[in-house]
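Novice: structure here, sequence nowhere to be found:
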């Protein structure tokens, strides 16, 4: 989120040594209550990982860093600097749960006031800052995909500081936290099975669990419980943080030979499960988070997936929820990692992009123009409309379809944008959610929303356009389904941080809550009024050159919140420089900037061979700004992270 780089980016060392700022915050986790400082880390190569536990790109980086941390465990220390976006993320208990949930095995600094974030001039989640063993900053990186470059840098620093005698080998300061025992661990989503039992994705245990109707008695587990990827029988199959699960229609089950489809999130795959045997198979996804090829580098639409592509050759990115859609007669996938909706037809294996450009944000309209922000929950109403819990924009999105099953429109009954959240009922255009992860349609066609960071189940009534609260006091509800449609309907809520499923009756009289609306508080970048020169710097890594064979291989996409803040310079065009002009009277807002560049591996003479490997570099920024007469009239950003 707000700082995403695709593909590996090589780093370059800073030529002017800059002493690292002290690490300050509220508390430390994973240190056995020891308070760390830079002096305690002297002699180690330190990677500061500025993250927030709501951010899908930050979760990607956690997984990218694991092999590096293991390989260089005697010389490298990763320090997670948790810099919250949402109010709930500043809760120390919520942060501790997230550290447990994502199995983080390095020290974490709780930085709720963003003091260390500001000291290191971070602008995006995630940001990585590398310190050498003497405490100097040697690299500053935004986004994900930097591990290969980081490994080269670590090797260089090891050799340099071994020779100088300033590298200290040995164990780092990590101390594991006690791990709670239980049948479930941070469950994600659930589905009711034809026999009345429930299947829940036991996300923290990397498996599926079938529960009896009492929601507590374990009937069986599917998956070994060991993190990984393996097909086969129930006791040998492996998952990696599975989330969404969908039961296929009976006619489709009979055709394809399996009953359930699971969003195997960290494996970037869809898995099929046969209920009678528990056998697991891989349906789609090649396990690679992002597929970058020569076609993309030449400017071909990256959202076009060839109709003849084998589903297991198609790259997915953190599928978070799945839903069988009667409107499309296919599976709909909330593809959180690329901020899109995909579809998958299990009968043909066809994978397609259903809606969303891949840009992160809240933008309504046609499928090919809409923006999502980490879609994480799906439900369908009686008309075939699909409702989406769009977590990073704290929004409820509505996706309508035409008679052919194509998306006709996307709109947002609730939600303002990436930086707006809160806990407010009432008129939908004034209502606020906080990082919602699940949705369900109730018997009257109103929509129940798992409002995760508010610990509540909210309700949106399309007939009145009003929002209310059904219940609150839950521990990060991540999923909700309708249990039955009796006189008083009952919901089954997946209460992730309480490690359980719980029944919640739908009250006849809902609450009206107003605890206010809020905006993410992050230091704003001062810019001068009027004209602003935007410059994005990019330098192709060693051994590559810009792919100019089909014209300018660079592109900028610029917009603003509010949209009227820019009177010149918004839109998409080639090049990495742009003059923007702010409207008169604008005092603050957010600039949304996406930069892209294509580069290919070159031959020794600098030419690009006919079948060279080509790479698309992309990074998104959301930059809060304030207008000041004394500010600079130029904004410089790095597409390629180097200092």
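Specialist: Looks like it came in fine. Fair warning: this is a prediction, and the values are worked out from it, not measured in the lab. Numbering: from 1, shown residues only.

Novice: secondary structure element for residue 97, which one?
Specialist: helix 92-101 (DSSP states H and E).

Novice: which ones are touching the residue nearest to residue 465 when sequence neighbours are not counted?
Specialist: In space, and not counting its chain neighbours, residue 465 is closest to residue 428: 4.8 Å by CB to CB, 6 or more residues apart in numbering. C-betas here are computed from N, CA, C, even on glycine. Going by CB atoms under 8 Å, 6 or more residues apart in numbering, residue 428 touches 413, 414, 460, 465, 466, 467.

Novice: most neighbours, which of those?
Specialist: When neighbours are counted by other CB atoms under 10 Å, residue 467 leads these with 29 neighbours.

Novice: wait, what's in contact with the spatially closest residue to that residue that is not a sequence neighbour?
Specialist: Distances taken as CB to CB, 6+ apart place residue 431 nearest to residue 467, at 3.8 Å, with adjacent residues excluded. Residue 431 makes contact with 414, 424, 425, 460, 467, according to CB under 8 Å, 6+ apart.

Novice: which one of those residues is nearest residue 90?
Specialist: residue 424 (18.9 Å; CB to CB).

Novice: spit out the contact partners of that closest one.
Specialist: 430, 431, 432, 467, 513, 514, 515, 516, 517.

Novice: now the two most distant members of those residues.
Specialist: 467 and 516 (14.1 Å).

Novice: packing partners of the next helix-or-strand element following the helix holding residue 97?
Specialist: Proceeding N to C from helix 92-101, the next assigned helix or strand is strand 108-110, under DSSP H and E. Strand 108-110 is packed against strand 27-29, strand 76-82, helix 92-101, with contacts defined by 3 or more CB pairs under 8 Å, 6 or more residues apart in numbering; DSSP states H and E.

Novice: if you compare those, which one is most tucked away?
Specialist: strand 76-82 (a mean of 25; mean count of other CB atoms under 10 Å).

Novice: run through who's touching that one.
Specialist: Under CB under 8 Å, 6+ apart, the answer for strand 76-82 is 23, 25, 36, 41, 44-53, 62, 65, 68-69, 89, 95, 99, 104, 106-111, 116-117, 120, 154, 172-174.

Novice: switch the cut-off to 7 Å
Specialist: 23, 41, 44-53, 65, 68-69, 95, 104, 106-111, 116-117, 154, 172-173 (CB atoms under 7 Å, 6 or more residues apart in numbering).

Novice: and it, what's its mean pLDDT?
Specialist: For strand 76-82, mean pLDDT is 98.

Novice: what are the pairing partners of that strand, and which direction each?
Specialist: Sheet pairing here is set by DSSP bridges, and for strand 76-82 it gives strand 45-51 (parallel), strand 108-110 (parallel).

Novice: test my guess that residue 313 contacts residue 287.
Specialist: No: using CB atoms under 7 Å, residue 313 is not in contact with residue 287, being 10.6 Å away.

Novice: follow-up on the earlier one: out of the contacts of residue 431, which are inside strands?
Specialist: 414, 424, 460, 467 (DSSP state E).

Novice: now, which of those sits nearest residue 550?
Specialist: Using CB to CB, those come closest to residue 550 at residue 414, 42.2 Å.

Novice: residue contacts, the closest one?
Specialist: Per CB under 7 Å, 6+ apart, neighbours of residue 414: 395, 396, 428, 431, 433, 460, 467.

Novice: from residue 420, how far out is the fourth one?
Specialist: With distances taken as CB to CB, to the nearest Å, residue 431 is found 11 Å from residue 420.

Novice: next one: residue 369
Specialist: For residue 369, the distance to residue 420 - CB to CB - is 21 Å.

Novice: so those two - more neighbours on which side?
Specialist: residue 420 (19 against 13).

Novice: hang on, the earlier thing: just checking, what packs against the helix holding residue 97?
Specialist: Judged by 3 or more CB pairs under 7 Å, 6 or more residues apart in numbering; DSSP states H and E, helix 92-101 is in contact with strand 27-29, strand 108-110.

Novice: now those strands as a markdown table including mean pLDDT and distance to residue 282?
Specialist: Compiled in a markdown table, the helices and strands packed on helix 92-101 are given as follows (pLDDT from 0 to 100; distance: least, CB to CB, whole Å):
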| stretch | mean pLDDT | distance to residue 282 |
| --- | --- | --- |
| strand 27-29 | 97 | 35 |
| strand 108-110 | 98 | 33 |
